[in-house]
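J.: fold the following for me, if possible:
(one chain, ligands or ions: 2)
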Amino acid sequence: MIDLHTHSLFSDGELIPSELVRRLEFMGYLAVAITDHADASNLDFIIPRIIQVSDELNRSQPVKVIPGVELTHIPPKSIIPFIAKARGLGARLVLVHGESIIEPVTNGTNRAAIEGGADILAHPGLISDEDAALAAEKGVLLEISARAGHSFTNGHVAGTAKKAGAGLVLNSDAHSPDDMMTREFANKVAEGAGLPPGSLSSLLSNSSQLLKKIGYPI
Ligand SMILES: [Zn+2]
Ligand SMILES: [Zn+2]
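T.: Ligands and ions are numbered 1, 2, ... in the order given. Coordinates of the predicted model:
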């Protein structure tokens, strides 16, 4: 198992990164990205610390830990420069908190994330065909979310991605231990999104290809 979207107490998650990683190691995970919520107030505070703990954990235990970030509620106009800023600070995986229907995420967030070349557009809600087509062209992966609420539109995301030829990943968006996915649960979320049985392995293969691309082969 791989999870490329999790939160630690560097934003609104419950666990310190080391416990987050240890719990996933115990569950048999191969890789996890720590992707705390960030905006202009905390980007330069959290990224170096997540890098520090990721480097340390990558030396001392088997789960590959990827220092990432989830740019969250950043006005669309500023998203593209913030993606560059996050990468400049050393984030190896950049997610953008997409237009989930359960939050007032500003219209245009999905588009800006894709245009800016985020690695993953998290929970993109009712993403349009045009945006999904651009995601396919730019290689931005669209997220199927196991998180309550964000998952309301998984069926739409899966269908729209399929039509457009965009790649999908499945992540937990875990904020606490109870949110961590067993493989069995991840399978159910994938099928619940309307994907055919057995799709989890292709979703995980998209995650592992992305890991290879960013220098964390598993
Ligand atoms: Zn989010
Ligand atoms: Zn999140």
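J.: list the contacts of the nearest residue to residue 39 once chain neighbours are set aside.
T.: Leaving aside its sequence neighbours, residue 39 sits nearest to residue 74 (C-beta to C-beta, 6 or more residues apart in numbering; 5.5 Å). C-beta here means a position set from N, CA and C on the backbone, and glycine is covered the same way. By C-beta atoms under 8 Å, 6 or more residues apart in numbering, the contact list for residue 74 reads 39-40, 82, 96, 109.
J.: among those residues, which are located in strands?
T.: residue 96 (DSSP state E).
J.: which of the contacts of residue 74 count as buried?
T.: Listed as buried from the contacts of residue 74 are 82, 96, 109; burial here means 16 or more other C-beta atoms under 10 Å.
J.: all the helices of the protein, in order from the start?
T.: 17-26, 43-60, 76-88, 109-115, 129-138, 154-164, 183-192, 199-213 (DSSP state H).
J.: for ligand 1, which of these is the nearest?
T.: Closest approach to ligand 1 among these (C-beta to the ion): helix 109-115, 10.5 Å.
J.: which other residues reach the closest one?
T.: 71, 74, 76-77, 79-80, 83, 96-99, 121, 124-125, 127-128, 131, 134-135, 138, 140.
J.: and the residue of the chain found nearest ligand 2, its phi and psi?
T.: Per C-beta to the ion, residue 173 is where the chain lies closest to ligand 2, at 4.3 Å. Backbone geometry at residue 173, expressed as degrees, to the nearest 10, gives phi 60, psi 40.
J.: and this structure, which residues reach ligand 2?
T.: Neighbours of ligand 2 within the chain, by C-beta under 5 Å from the ion: 70, 173.
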